[in-house]
Structure formats: C-alpha cells, structure tokens
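> what's the 3D shape of this:
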Amino acid sequence: MALGAMDKIRLGRQLNSMIQDSAEATGLRKITIGRQINALLIQLGYGGPPANPVNASEAQPQPAEGGENKPVDSNQPAIVMAFLNGDFNSQESGEFTSTLTRLEPYLNVFLTMEDVVAGASDWLREKYPEAA
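Numbering: from 1, shown residues only. Sure thing, here's the model as predicted:
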C-alpha cells in the first residue's frame, strides 16, 4: 500500500519528534525510541532489502539452526561477519538501530534471531553498562 502525501507528512512529523526525544533519552528508553523510529522509517519505505541482494541462483544457504556452533561461512555478507564479531558494539544507538535494520534480510539465512539478540545484548552492555 502506497502512502499518500498527507500520510508521509504525518509520519515525518512523528519521526522528527521521536528523533528529538531520542537525543534526551538514556538507557532502555533510548532503545525503545530507536525501535519506534525504525518502525516509522520502515513505514516510510526506508527499510527494504539491501541494494544488492543475494541472487538465489548464485547461493542458496540453508536457514541457520538455533543452538548450533556454525562454522564461518565464507559467503556471509561483510555486515553479518562484522556484527557477529562485535564490530558495531561502539556505535551510537541510531547507528546501531540502522545496522539491525540492514541485518534483517539476512535473518534466518546467515544468522539466527539468537545471534541478533546476543549482539544487541553485547552492544547494550558496552554502551550502557548501568542498564545491563
């Protein structure tokens, strides 16, 4: 469903308000606002698959199974490998939310939800030790 001009204006105003609130928020409130911002961005059309999605005929990885120690797949996208290595743990909350959004197309293909939760927990412990 395409958004009309008035819907885009309304969502843009909500987004602006949340971004301003995020600047003053701390801890878990900041993460909650970040998730709300992410939801609005997706509604506005800024959360689709990556520009160069993996071609299904080139690589057909099996969905990741939870609880397994997976070997490192040399076909993993760079963002997935960097996330699993903790390279994004020093990002600010808005950037980290953007990283999580960019990881969404690879969920259940190159990483599990448990991987994402573990990465988010590591980020939270490093960025906001008082909240963890």
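> if I look at Thr101, how far off is Pro77?
Distance from Thr101 to Pro77, counting by C-beta to C-beta, to the nearest Å: 14 Å. All C-beta atoms are positioned from the backbone trio N, CA, C, and that covers glycine.
> Looking at these two, which has the bigger crowd around it?
Of the pair Thr101 and Pro77, Pro77 is the one with more neighbours under other C-beta atoms under 10 Å, namely 20 against 15.
> Look up how far Arg29 lies from that one.
Distance, Pro77 to Arg29, by C-beta to C-beta: 31 Å.
> same thing with Gly45?
27 Å.
> And Leu41, by the same measure?
The spacing between Leu41 and Arg29, counted by C-beta to C-beta, is 19 Å.
> More neighbours: those two, which one.
Leu41 (16 against 13).
> Show me how far stretch 86-104 is from its chain's centre.
Relative to its parent chain, stretch 86-104 has a centroid offset of 6 Å by C-alpha atoms, centre = their mean, to the nearest Å.
> Mind telling me what element the spatially most central residue of the chain is part of?
Taking C-alpha atoms, centre = their mean, the centroid of the chain lies closest to Leu100, which sits 1.2 Å from it. With secondary structure defined by DSSP states H and E, Leu100 is part of helix 93-103.
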